[in-house]
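>>> what's the 3D shape of this:
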Amino acid sequence: MKRTFLFLVIISFWFLLPVQAENDEIDKWSSIIKANPSSAHGYYNREVEYGNLKQYKKAIQDYDRAIELDPGYEVAYGNRGNCYLMLDQPNKAIQDYNKFIELDPGTASTYNNRGAAHVSSGGIDQACPDFKKACELGMCQSLKIAIEQGWCF
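Numbers count the residues shown, from 1 in each chain. Here you go, the predicted model:
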C-alpha cells in the first residue's frame with residue numbers, strides 16, 4: 001500500500017524531465033564536465049540524463065559533486081532526494097528534502113516529495129503536515145489521496 005502511494009505521488013520533478021534520455025546526452029554533458037570540471041551545472045544535467053535512464057546510483061554521484069561545487073543548489077538536493085526515494089532510501093531522501101526546504105521553502109513539490117518519503121518510511125503522521133503545506137502552495141493531489149486513505153484529517 002505504501003509503495004502504491006509512493007508511485008501515485010511520485011515525485012513531481014521526474015514528471016518534468018524528458019521521457020527518454022539518450023546516451024549521447026550523457027556523452028555531451030561528460031564532455032562539458034571534462035572541459036569545465038568545476039561546473040555544478042554540468043554534473044546536474046548529466047545526472048538528469050542518468051535519472052531518465054534509471055541509473056540512480058550514478059545520478060547520486062553527480063548530484064554529490066554538483067552539491068560539493070555549489071552547496072546552495074537546492075534543486076540538486078531535491079533531485080538527489082528523488083533518486084534516494086527511487087532506491088528505497090527514504091531517510092536519505094528526507095534529509096535532502098529538508099535541505100531543499102531550508103534553501104527554498106516555497107516549493108510545493110518538495111513538501112509533497114518529503115511527505116511521500118515519510119509514507120515510504122512508515123511515518124504517515126509526519127507526512128500529513130507536508131501534504132498540507134504542499135496543498136497550501138498549490139499541489140493538493142497527495143493530500144486528497146492521504147485523506148481518502150484515512151491518513152490525514
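
>>> Around the closest residue to Tyr56 other than its chain neighbours, count how many other residues there are.
If you skip the residues right next to it in sequence, Tyr56 has Cys83 as its closest partner in space, 4.2 Å away by Cβ to Cβ, 6 or more residues apart in numbering. Yep, even glycine has a C-beta here, placed from its N, CA and C like the rest. Here the neighbour count serves as a burial measure; for Cys83 (other Cβ atoms under 10 Å) it reads 27.

>>> What strand or helix carries Cys83?
Here Cys83 is covered by helix 74-86, with elements defined by DSSP states H and E.

>>> Distance of the residue nearest to Tyr56 relative to His41?
The spacing between Cys83 and His41, counted by Cβ to Cβ, to the nearest Å, is 18 Å.

>>> Could you measure from the residue of the chain positioned farthest from its centre over to His41?
Relative to the average C-alpha location in the chain, and by Cα atoms, centre = their mean, no residue lies farther out than Ala35, which sits at 27.7 Å. Applying Cβ to Cβ, the value for Ala35 to His41 is 12 Å.

>>> which SS class is Asp88?
Following DSSP: H, G, I helix; E, B strand; the rest coil, we place Asp88 in the coil state.

>>> pretty sure it contacts Ser120?
Yes. Contact between Asp88 and Ser120 holds when scored by Cβ atoms under 8 Å: they sit 7.2 Å apart.

>>> So the two - more neighbours on which side?
The neighbour comparison of Asp88 against Ser120 (other Cβ under 10 Å) goes to Ser120, with 22 against 11.

>>> How about the more buried one, nearest residue that isn't a chain neighbour?
Of all residues beyond its chain neighbours, the one nearest Ser120 is Pro90 (4.1 Å), with distances taken as Cβ to Cβ, 6+ apart.
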